[in-house]
Structures are given as C-alpha cells and as structure tokens.
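S.K.: Have a look at this prediction, sequence included:
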Amino acid sequence: MRGLRSGAALAAVLVALSAGHVAARGKKKAAAAPATRELDGSCSDSDGTALWWSPAAPVIGQPFKIMAVGDGAADLTVTAPHGDEKALSTVRRDGPPTSVSAEYTATRAGAHQLVWRRGGKPIACRKIPVAAKPVAPSTSVGANVWASAHAWDRRYENLYSAWIATLFDAPIDQSLDFRPLHQALRDPARNFLYGYLGRREDDPKNKAAIAATPDCADLPYFLRAYFSWKLGLPFGFRDCDRGTESRPPRCTTFYSNDDAPTGKDAMAVVKSFFRQLANRVQSGSARTGLDDDATDYYPVPLERAALRPGTIYADPYGHVMVVVKWVDQTADKGGLLLAVDGQPDTSIGRKRFWEGTFLFANDVKSAGPGFKAFRPLARGADGKLEPIANAAIGGKADPAHAKYSDEQKKVSADSFYARMGKLINPSGLDAEKAYRETLDALVEQLTVRVGSVDNGEKYQKEKGAGQTIPMPDGAKIFETTGPWEDYATPSRDMRLLIAMNVLASLPERIVKHPELYNLGGKKPEAVRDVIAKLHASLIGTRGITYTRSDGTPWKLTVADMLARRAAMEIAYNPNDCVELRWGAAEGSPEAAPCKRHLPPEQKTKMGEYRAWFHDARRPSR
C-alpha cells in the first residue's frame, strides 16, 4: 500500500483492502465475486451473498445470531460437525440490501457449515467455528484506539445498512422511540452486534458497558464509530466550524481510530474516543459544502440504491437524520422512506420523509444540505488513513460506495420534493391517500412534540420554582448547549410550522404537480376541490392530548393547531407554562392552570425573533 496517494489511487487502495475479511473466512476472494454461483470446495460467500454471525466467537450452549445479506429472500441451514442439517427459522427485511436473520445454538464444538440457498440452489457457504468454552478477550491497550483489520468494501457497507435497518426495525404503524440510544444497543433482539467482542460491552449489568447518548449531530457518527469498532474497520472525523453567513462550515484536523489511545484498558480507550467524538462533532459537520473534499460526508445521487440505511440527511439549518428503511408502495398503501433522528434530550425517534421533517433549501449560503454518505477512507503514502476525494468515490474504481453527485446543489426545493415523491411512490399516489398520509405525518410530529414539551415540564418541576433557563441571543437559540438546547423547541417548532403549511397547501400542490398523483382522469382543479373539502372535514377529527400544569389532560385537534399557527411562533420557550407552549390564549379556560411565565426580557427577544418563525426560515449566523 505504500507509495500510493489520494484520489483515484486511494480508491484503488480501498478496493484492494476489501480482500481482508474476518479470520474465519478462509480463502480471500476478489472484491467483484459474482452474486450467485455454485459453491466450490472452499465453502465461501461473496460480496453479493455475504454470511455473518455474532458474537465473533460462538460457544456451545449459547445462542448466536446469523445474518445473510444480499439480493432477495433465501433459506438458511446449518450442518453440525457430526452431520445433522437443520433448517433455520428466518426473518427477512427488504432492502436495499435485503437481509435474512436467524438464531442458532450449537450443541457440539467444531466447524458448523452455514449454507444459504435460493430455490434449493446453494449461493453462499461459511464454516462457523464454535468453541467448547469461551475464551476471555484481551483487554490490553494497543498502539491505537483500535486496529483497522478490514476495509469498507461492499460486504461491510451492506452489513452496515442491514445492521441499521435491524436496529431500528418496527411495524410501520407503530412509533419507535429510545431514550437514550443505548436502549436499542443493549437489546440483543435489535442489535446484531450485541456482545460481539465478548467483553460484555453492551450488557446493562456491566458498569463498564458502552453508554450511548448522542444527540442529533452525533447520532450518525456514533452509529458508524460503534460498528467500525466492533468489526475492526477504519473510522475518522474532522474538526469543523459552523460556517458563516456567506459560506458553509469548513473542516480541518482529522482524527481516527489510528490515533494514540487514551485509557487504562481497551474499553476505557474506546470510551475516551467516543467522548472526543461527541465533544468535537456538531451540526456544522453535516452542513459542509456539497463540493468540498475536506469533509466527513459527501453528497450522493437522488436514487433509491444510493439512499440506503445509514445514509444521512442534513437539512440546511443543522438537523440531521439517518435513513433506516424503505417501504415499497403497494396497491393499497403509499411507499415510505423512514429515518431516525436524535434530540438534545438524547431521545431517538423514527420519522417519515415528507416536507415537514426533511427540510430542503439549496439557496442557504451557510449550508450544503441533502442526502449524504460517510466519506470512504484509505491509506496514503505514509500509511496513515486519509479521506478519499469526491472524484474518486464510486464507479468502477470504487464499487462499494455510491458515486459522488452534486445533483442536490442544482435542484430547487420544489423539484427536490417532486423527485423524492417519485422515488417513494413510483406509480403515483391517489390524491386522497396522499392527503391522509400527510395528515398522519403531521399528527406524528405533534405527538413527538408532546413528549418534548413534557420533558421540559419535568425538568422545571425537578429544579424547583424560581429558576429560569437562560435564553441565548439571536440565531444561537437554535444552536447552543445546556438546558436551553435540551428543553426549548425552536428548531422543532419551525419544522412544525412548515409541516402545517404543507398540509394546508396540499390541495394546491395537486394543481402544481399533477404528475405526482393518480387523478383518475379528472382535471387537477377538480381533484384539488375534492381534497380541500376532505381537509376541512378531517382536521377536526385528528389531534393530540397534552397534560396541563395541574395534571389534567387537554385535547387539541389539528384544526385547533392550524388556527394557532401565529401563537406557535412564540411557543418554544420552556420558561413558559405548558399551556402557552401549546398556544393557549392567556385568560382562556385552557390556560387557567398556568402559573409560570417567561421573564419580560426573554419575551421581548422572542418578539424580535418572531419573523423567523412566521416566514419559516432560519436566520443566518
């Protein structure tokens, strides 16, 4: 690898590194192994049909997990050393990439042969070494945080996507929330890599277990770092500023798992690295320019194959989401693109793609927004990890990764949402279904806000009366630290105001973009009028219930919230009572229990900043 430099040469290094697999893989194969073929005597898999197990060192009598990652559904069988073959019960998750997972408990030590068949034909095979008893892993500190034993080739990128999809899987009609992230990571049924290293690193009963409390900007970094650590993959990040009014953020110093370790043992070293990551990463890390090479992320094409689980979405104002699942459109239901995001209070929730949650604008000079992927890393002439330049990512030189694309720099917001609409619902969507799903999405957003406001109320009660949360000045109300970041909701409320505008304007959107809808041969204007009547009839039937200051419930419909749009422009301050945070008019029966009000100086500032919320546009820094 020595003597090679960045650019196309580094991409070649990345592909060459992809021959490195876990020790149990046996013979190395070319990165471009065919996806389907007859098995030979080597009992091996391929990039397109990869087999995995967890933990890394299975032991007899202890169940371990199996995952097949590739194209389409298939059957899994395991043959024990004494020759008995067992068909495994599997769970399939559609992709891209598709995965099939199972669980198996070995009763004998030795090599157990795992075979993946499609239509009765073997397409992949692996020998799983099962030990008679566990071997304590080394806890010694090495020369770096962790060693990069493998490269991010296609099989590891596929496994990463499948791992993300499994970690955040749930029926689409159910909410998915964790507070904090390690509630998911400490669930063996969710986390394929639970206890992978054999160090009880995810065991909630172990005081040394990894704690995961990332917020919005940290979430994708933590997930990628955690996965990289478990599987011995390279991981790095940069120091970035927050940008200025006239330019996106810029990044400088690069840190990676190759750095010198800090800590008395292996777990302490990793925890120290994760803390460093949390201290340095912020919203500017994702808002970097779309044509900048010195970044942690690069923009990808607006194509379904590129928008895989693990891809991030960075909006122009600092919020970051992680794609977790595509749901195909059917004859009865529209398609979905689902993502998770973190909040300052360390809660993690699942959201659907729509204009109310995925904000897009490419005319914001201080940001490079859109869908992005982690930038691949390779080793330079000095043997150190280096990020690969945009021009060398993807294509024949780097088939493991989506190609760099500046497409999102060129599309208008309207065209962006139209393009995504066709990806999610390629057959078009019935106008009534489109309206109902948009209404559902708004109610979801309101429901999540109930939890956020309640968290602020709990904090106020715990700290006692007479304590005021300081309010930052200017644009810093959207980006700060401490209780204001944790319990104020300016960013969320701006997205909510945008969401309410989207719902109210949907009838006119049918006229503006009739190509997105199945109109049944009717004129767009006629369908618009039908949907406008439907809107008027349904907004009074859907809503949320919040808890007032005296502990009593109060119901609000979507119609109530639409009528309160003006009040919601100044409802984000946690120093106000809960009734005012839901837009109740002072002196009304709803607001009767209200006893807490924000200080006059904060009220003055909120009046000055109100135009941002009225226009639904964040200010420049």
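M.R.: Arrived safely.
S.K.: low-scoring stretches of this protein, by residue?
M.R.: In the predicted model, the chain carries pLDDT under 70 at residues 1-41, 73, 465, 620-621.
S.K.: try it again with 50
M.R.: In the prediction, the chain carries residues with pLDDT under 50 at positions 1-40.
S.K.: Relative to the centre of it, find the outermost residue for me.
M.R.: For the chain, the C-alpha lying farthest from the average C-alpha position belongs to H82; by C-alpha atoms, centre = their mean, that distance is 43.4 Å.
S.K.: Can you report how many residues lie near T604?
M.R.: The local packing count at T604 equals 10, with neighbours defined by other C-beta atoms under 10 Å. Every residue, glycine included, has its C-beta placed from N, CA and C.
S.K.: The top helix by length along the chain: which residues count as buried?
M.R.: Longest helix in the chain by number of residues, with DSSP state H as the criterion: helix 431-463. Of the residues in helix 431-463, those buried by neighbour count under the rule 16 or more other C-beta atoms under 10 Å are 431, 434-439, 441-446, 448-453, 455-457, 459-460.
S.K.: Then stretch 412-425?
M.R.: For stretch 412-425, the buried set under the neighbour-count rule, 16+ other C-beta under 10 Å, comprises F416, Y417, A418, M420, G421, I424, N425.
S.K.: out of the residues you listed, who's nearest G334?
M.R.: Of all the buried residues of stretch 412-425, the one with the least separation from G334 (C-beta to C-beta) is N425, at 5.2 Å.
S.K.: got the contact list for the residue sitting nearest the centre point of the chain?
M.R.: Computing the C-alpha centroid of the chain and ranking residues by C-alpha atoms, centre = their mean puts V322 first, at 1.7 Å. Contacts here follow C-beta atoms under 8 Å, 6 or more residues apart in numbering; on that basis V322 touches I164, L219, P220, L223, P309, G310, T311, I312, Y313, A339, V340, D341.
S.K.: doesn't it fall inside a strand?
M.R.: Yes: in this structure, V322 lies within a strand as judged by DSSP: H, G, I helix; E, B strand; the rest coil.
S.K.: Please enumerate the helices of the stretch 101-250 of the chain.
M.R.: Along the stretch 101-250 of the chain, the stretches classed as helices by DSSP state H, counting those that start in this stretch are 154-167, 182-185, 218-231.
S.K.: Determine the set of other helices and strands touching the first one.
M.R.: Yep, that's helix 154-167 we're talking about. If contacts are counted by 3 or more C-beta pairs under 8 Å, 6 or more residues apart in numbering; DSSP states H and E, helix 154-167 sits against strand 49-54, strand 64-70, strand 91-93, strand 98-104, helix 218-231, strand 320-327.
S.K.: which parts of the third one are buried?
M.R.: Same thing as strand 91-93. Those would be R93, for strand 91-93 by 16+ other C-beta under 10 Å.
S.K.: who touches stretch 265-278?
M.R.: Counting by C-beta under 8 Å, 6+ apart, residues outside stretch 265-278 touching it are 138-142, 145-146, 199, 201, 208, 210-211, 214, 218, 221-222, 225, 229, 237, 255, 257, 259, 261-263.
S.K.: can you check stretch 170-181 too?
M.R.: Residues outside stretch 170-181 that contact it (C-beta under 8 Å, 6+ apart) are 168, 184, 211-214, 219, 222, 327, 336, 338, 340, 342, 345-350, 444, 447, 451.
S.K.: Quick check: end-to-end length of that stretch?
M.R.: In stretch 170-181, first residue to last residue: 15 Å (C-alpha to C-alpha, to the nearest Å).
S.K.: buried sites along that stretch?
M.R.: Of the residues in stretch 170-181, those with enough neighbours to count as buried (16+ other C-beta under 10 Å) are L176, D177, F178, R179, P180, L181.
S.K.: Just the residues you listed: which are in strands?
M.R.: By the criterion of DSSP state E, membership of the buried residues of stretch 170-181 in strands covers D177, F178.
S.K.: Kindly reformat the buried residues of stretch 170-181 as JSON lines containing distance to N158.
M.R.: Supplementary listing: the buried residues of stretch 170-181 in JSON lines, determined by distance: C-beta to C-beta, whole Å:
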{"residue": "L176", "distance to N158": "23"}
{"residue": "D177", "distance to N158": "27"}
{"residue": "F178", "distance to N158": "24"}
{"residue": "R179", "distance to N158": "29"}
{"residue": "P180", "distance to N158": "27"}
{"residue": "L181", "distance to N158": "22"}
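S.K.: The buried residues of stretch 170-181: which two are farthest apart?
M.R.: With distance counted by C-beta to C-beta, no two of the buried residues of stretch 170-181 lie farther apart than L176 and P180, which are 14.0 Å apart.
S.K.: quick revisit: which residues touch the residue farthest from the centre of the chain?
M.R.: With C-beta under 8 Å, 6+ apart, H82 has these contacts: R108.
S.K.: What is the three-state secondary structure of it?
M.R.: Secondary structure assignment for H82 (three-state DSSP): coil.
S.K.: ok, back up a step: in helices, which of the buried residues of stretch 412-425 appear?
M.R.: Per DSSP H, helices hold the following members of the buried residues of stretch 412-425: F416, Y417, A418, M420, G421, I424.
S.K.: Nearest to P514 among the residues you listed?
M.R.: Nearest to P514 among these is A418, at 10.9 Å by C-beta to C-beta.
S.K.: Can you tell me how far the closest one is from G342?
M.R.: For A418, the distance to G342 (C-beta to C-beta, to the nearest Å) stands at 29 Å.
S.K.: And for G583?
M.R.: G583 is 26 Å from G342, by C-beta to C-beta.
S.K.: between those two, who's got more neighbours?
M.R.: Per other C-beta under 10 Å, whichever of G583 and G342 has more neighbours is G342, with 26 against 20.
S.K.: Am I right that that one is in contact with A212?
M.R.: No: contact between G342 and A212 fails when scored by C-beta atoms under 8 Å: they sit 10.2 Å apart.
S.K.: Please name the residues that touch the residue lying closest to F235 once chain neighbours are set aside.
M.R.: Distances taken as C-beta to C-beta, 6 or more residues apart in numbering place S228 nearest to F235, at 3.7 Å, with adjacent residues excluded. Contact partners of S228, counting by C-beta under 8 Å, 6+ apart, are W146, P234, F235, N257.
S.K.: For burial, what's the neighbour tally of the residue lying closest to N518 once chain neighbours are set aside?
M.R.: Spatially, and ignoring its direct neighbours in sequence, N518 is nearest to G428 (4.4 Å; C-beta to C-beta, 6+ apart). The tally of other residues near G428 (other C-beta under 10 Å) stands at 17.
S.K.: Next one: G428 from K605, what distance?
M.R.: Noted for G428: a distance of 46 Å to K605, by C-beta to C-beta.
S.K.: repeat for D153
M.R.: From D153 across to K605, the span is 52 Å (C-beta to C-beta).
S.K.: Confirm L497 sits in a helix?
M.R.: Yes: residue assignment for L497, taken from three-state DSSP, places it within a helix.
S.K.: and it, what does it touch?
M.R.: Remark: with contacts taken as C-beta under 8 Å, 6+ apart, L497 is in contact with R565, M568, E569, F613, A616.
S.K.: part of a strand, is the last one?
M.R.: No: the secondary structure assignment for A616 gives coil rather than a strand, going by three-state DSSP.
S.K.: Is it in contact with M494, as I believe?
M.R.: Yes: assessed by C-beta under 8 Å, A616 is found in contact with M494 at 6.0 Å.
S.K.: Near the nearest residue to D47 once chain neighbours are set aside, how many residues? Count them for me, please.
M.R.: Here the nearest residue to D47 in space, its sequence neighbours aside, is R154; by C-beta to C-beta, 6+ apart that works out to 4.3 Å. Taking other C-beta under 10 Å as the criterion, the count of residues near R154 is 21.
S.K.: Surely R154 touches A400?
M.R.: Yes: the pair R154 and A400 passes the contact test of C-beta under 8 Å, sitting 4.2 Å apart.
S.K.: Run a quick neighbour tally on A189.
M.R.: 11.
S.K.: now it: how far from K205?
M.R.: Here A189 is placed at a distance of 17 Å from K205 (C-beta to C-beta).
S.K.: What of M500?
M.R.: With distances defined as C-beta to C-beta, the gap from M500 to K205 amounts to 45 Å.
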